[in-house]
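A.B. asks: got a predicted structure plus its sequence, pasted below:
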Amino acid sequence: IKTRAGRLLRDLTRKMNEEQLEKHKANIEICQRILSQKRQDKNKIYSFHEPDVSCIAKGKDHKKYEFGSKASILLTKNSNIIVGACNFQGNPYDGKTLEAALDQYNQLFDKSPKSVLVDEGYRGRQRIGSTEILRVHKKRKAEYSRRSWRKLFRRRAAVEPVIGHLKQDHRLGRNFLKGIIGDEINLLMACAAFNFKKLLNCIDFLLSKFKKTLCIDIATLKFIYGLHMFLLFQH
């Protein structure tokens, strides 16, 4: 296949005039990179239509690699509300993505968190600005410290089901939008949908407590509120 593709590319470039070569210059360069790359090369192209796709190692037996872009998500400690979502081009080290995520949080809320719970993928940093980086896998000698550290570990583990819901329920598992900008839009829309659904569930719970005293149907109230939030988001 590689030999035939190389012969076809050379044949096309010979028959094209200067105007056609200039028009299809980007596609020709992508084809040349695909034909010249080797197995051990870095920054390889895995998709002709999406050349920015990266190969990300998962470290799991059933699925060792994923193809896409890396994203960072920040959750609140108690309510599991998404307060930050950043998309990164390429496959950067996890520890280098945390600073950009904290900068986004600072821009949105005009303050920095006191501490952040992370896993072993973020080792190497103990503090970013005024924010303390807590690696919950780090062992403690004292019994009280071990128990409190165990609570933090369980709390950090709550981010995994949120990522699962984003992938399965809010179309973050596969992106149909074009380019890096499309990746960012898809991530932000998925996180916004997750927060809206969480808010609607809270409203549903509150309305169910007072449904006997309400004169209007709960479904109608949810529809009115959802329409209001949609119009507000579009504005």
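C.D. replies: Everything's here; your move.

A.B. asks: now the helices: where do they sit in this structure?
C.D. replies: With DSSP state H as the criterion, the chain has helices at 2-15, 18-23, 25-36, 94-109, 143-156, 159-169, 179-209, 218-234.

A.B. asks: lowest average confidence across those, which one?
C.D. replies: Here the lowest mean pLDDT among those goes to helix 218-234, at a mean of 60.

A.B. asks: rewinding a little: which one of the helices of the chain lies nearest to residue 81?
C.D. replies: Closest approach to residue 81 among the helices of the chain is made by helix 179-209 (6.0 Å; C-beta to C-beta). In short, each C-beta sits where N, CA and C put it, glycine included.

A.B. asks: residue 61: which of the helices of the chain is closest?
C.D. replies: helix 159-169 (17.1 Å).

A.B. asks: and the closest one, how far out from the chain middle?
C.D. replies: From the chain centre to the centre of helix 159-169 is a distance of 10 Å (C-alpha atoms, centre = their mean, to the nearest Å).

A.B. asks: what's stretch 152-163 in contact with?
C.D. replies: 73, 75, 77, 80, 82, 117-119, 134, 136-137, 194 (C-beta atoms under 8 Å, 6 or more residues apart in numbering).

A.B. asks: out of the helices of the chain, which comes closest to residue 62?
C.D. replies: helix 159-169 (14.5 Å).

A.B. asks: which among the contacts of stretch 152-163 end up buried?
C.D. replies: 73, 75, 80, 82, 117-118, 134, 136, 194 (16 or more other C-beta atoms under 10 Å).

A.B. asks: how about these in TSV, adding distance to residue 45?
C.D. replies: Formatted as TSV, the buried ones among the contacts of stretch 152-163 follow (distance: C-beta to C-beta, whole Å):
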residue	distance to residue 45
73	27
75	34
80	37
82	32
117	36
118	31
134	38
136	37
194	32
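
A.B. asks: identify the farthest-apart pair in these.
C.D. replies: Of all pairs in the buried ones among the contacts of stretch 152-163, the most separated under C-beta to C-beta is 134 and 194 at 24.2 Å.

A.B. asks: closest one to residue 128 among the helices of the chain?
C.D. replies: When the helices of the chain are compared (using C-beta to C-beta), the closest one is helix 94-109, at 5.5 Å.

A.B. asks: tell me the buried residues in that closest one?
C.D. replies: Per 16+ other C-beta under 10 Å, helix 94-109 contains these buried residues: 94, 97-98, 101-102, 104-106.

A.B. asks: returning to that earlier point: lowest-confidence one in the contacts of stretch 152-163?
C.D. replies: Pick the lowest pLDDT in the contacts of stretch 152-163 and you get residue 137, at 67.

A.B. asks: now residue 167: closest residue in space, sequence neighbours ignored.
C.D. replies: Distances taken as C-beta to C-beta, 6 or more residues apart in numbering place residue 173 nearest to residue 167, at 3.7 Å, with adjacent residues excluded.

A.B. asks: surely residue 167 and residue 175 touch.
C.D. replies: No - using C-beta atoms under 8 Å, residue 167 is not in contact with residue 175; the gap is 10.8 Å.

A.B. asks: what's stretch 57-65 in contact with?
C.D. replies: 55-56, 66.

A.B. asks: run the chain-centre distance for it.
C.D. replies: 18 Å.
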